[in-house]
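Chemist: Give me the fold of what follows.
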Amino acid sequence: MKKLIILCLLLNGLTSCAQDLKCADFKNGTFMTPGNSNFPYQGTIIRKNGKQIEWSTQSSDTTQINIKYLDDCNYVLTYDTELNELDELEKLINDSGGMRVKVLEIKGDTLFYNGLLQNDTLRFEQPGLMIKVN
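Modeler: As a prediction, the model looks like this:
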């Protein structure tokens with residue numbers, strides 16, 4: 001019985017020392033995005049001061065994105081037209097007011113979100129996740 005109590009106390013101590021990240025912890029830093037069925041390549045994101053730089057393992061091209069925070073857990077992403085030559089999808093996103101992102105949950109170092117692209121004729125939702133690297 002003593003061993004069980006000691007084990008419970010040890011496990012409780014270890015879990016209580018784990019860092020609880022919040023939405024604000026994902027405003028700056030380096031993140032990894034695993035590939036999925038819509039975009040099969042892993043990506044890297046660096047965020048700092050309302051700017052985001054993205055690149056995938058597929059290419060060395062970078063994409064510059066502006067982040068407008070509505071609050072700590074909701075923001076809008078638009079492509080930086082001064083630093084990027086936009087493709088048709090990126091133009092559509094910007095013309096629609098950007099990709100609206102809502103944080104759904106944070107588990108450990110992973111943020112789960114839902115992105116929404118919506119205009120008068122289109123509604124597209126894209127769930128995803130970002131893993132904080134540092």
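Chemist: pLDDT on stretch 117-128, on average?
Modeler: Averaged across stretch 117-128, the pLDDT comes to 94.
Chemist: Same question for stretch 95-112.
Modeler: Stretch 95-112 comes out at a mean pLDDT of 97.
Chemist: sec struct for residue 92, please.
Modeler: Following DSSP: H, G, I helix; E, B strand; the rest coil, residue 92 is assigned to helix.
Chemist: do residue 52 as well
Modeler: Applying three-state DSSP: residue 52 is strand.
Chemist: tally of neighbours for it?
Modeler: Residue 52: 17 surrounding residues under other CB atoms under 10 Å. For the C-beta atoms, the positions are set from N, CA and C on the backbone; glycine is no exception.
Chemist: Nearest spatial neighbour of it, chain-adjacent residues omitted?
Modeler: residue 65 (4.2 Å; CB to CB, 6 or more residues apart in numbering).
Chemist: tell me which element that neighbour falls in.
Modeler: Per DSSP states H and E: residue 65 is located in strand 63-71.
Chemist: Can you list the strands that that strand pairs with?
Modeler: Strand 63-71 has the following sheet partners, assigned by DSSP bridges: strand 51-56 (antiparallel), strand 74-79 (antiparallel).
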